[in-house]
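Asks: this one's structure only:
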């Protein structure tokens, strides 16, 4: 019979590394020639496939261009170097990158990545369509209407107050 501190490999002992159990000496110290060397496996992050990047960028581009289409106030911005800079041109870089990553995804042909690359290209092209519609339907900026029209500009203050009273009487009726 063996001592409890000396495991016998035939009794069902397993090492944590999955290999055979190390042989112990009678003193309980593992002999260096009998020691099992475990290979260390370090986790590695896989790069994101280009088709997935294209699909994500396509969704973002479509949402941004839809926001520019719906909210007309966002279409132009005043900058120090240009007044009324069209944000549609600036934000059109987002769908351009979506198309670029989609083409890269179609060329690389990673397994299962081509449908996502195609989806990203379609969404990016739809975003370009929304950008075109937003550019062509840009409403003109509202000009401030003059407070006093041409017929009242040269009126004397007394005549102007008489005119105001007449207008107010007409509204009450």
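Replies: That came in fine, so what should we check first? Note that the structure is predicted; figures quoted are calculated from it, not measured.
Asks: And the lengthiest helix in the chain, what does it pack against?
Replies: Determined from DSSP state H, the single longest helix within the chain is helix 114-136. On a contact count with 3 or more Cβ pairs under 8 Å, 6 or more residues apart in numbering; DSSP states H and E, helix 114-136 meets helix 50-70, helix 87-91, helix 93-108. All C-beta atoms are positioned from the backbone trio N, CA, C, and that covers glycine.
Asks: Least reliable of the ones you listed by average pLDDT, please.
Replies: For the helices and strands packed on helix 114-136, the weakest mean pLDDT is recorded on helix 87-91, namely a mean of 88.
Asks: For it, buried residues please.
Replies: By neighbour count with 16 or more other Cβ atoms under 10 Å, helix 87-91 contains the buried residues 88, 91.
Asks: Same check on stretch 45-61?
Replies: Per 16+ other Cβ under 10 Å, stretch 45-61 contains these buried residues: 49-61.
Asks: With residue 76 as the reference, name the closest of the helices and strands packed on helix 114-136.
Replies: Residue 76 lies closest to helix 87-91 among the helices and strands packed on helix 114-136, at 6.6 Å (Cβ to Cβ).
Asks: just to revisit the earlier point, okay if I get the buried residues of stretch 45-61 as CSV plus distance to residue 114?
Replies: Output for the buried residues of stretch 45-61, formatted as CSV (distance: Cβ to Cβ, whole Å):
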residue, distance to residue 114
49, 10
50, 10
51, 6
52, 11
53, 14
54, 10
55, 11
56, 16
57, 16
58, 14
59, 17
60, 20
61, 20
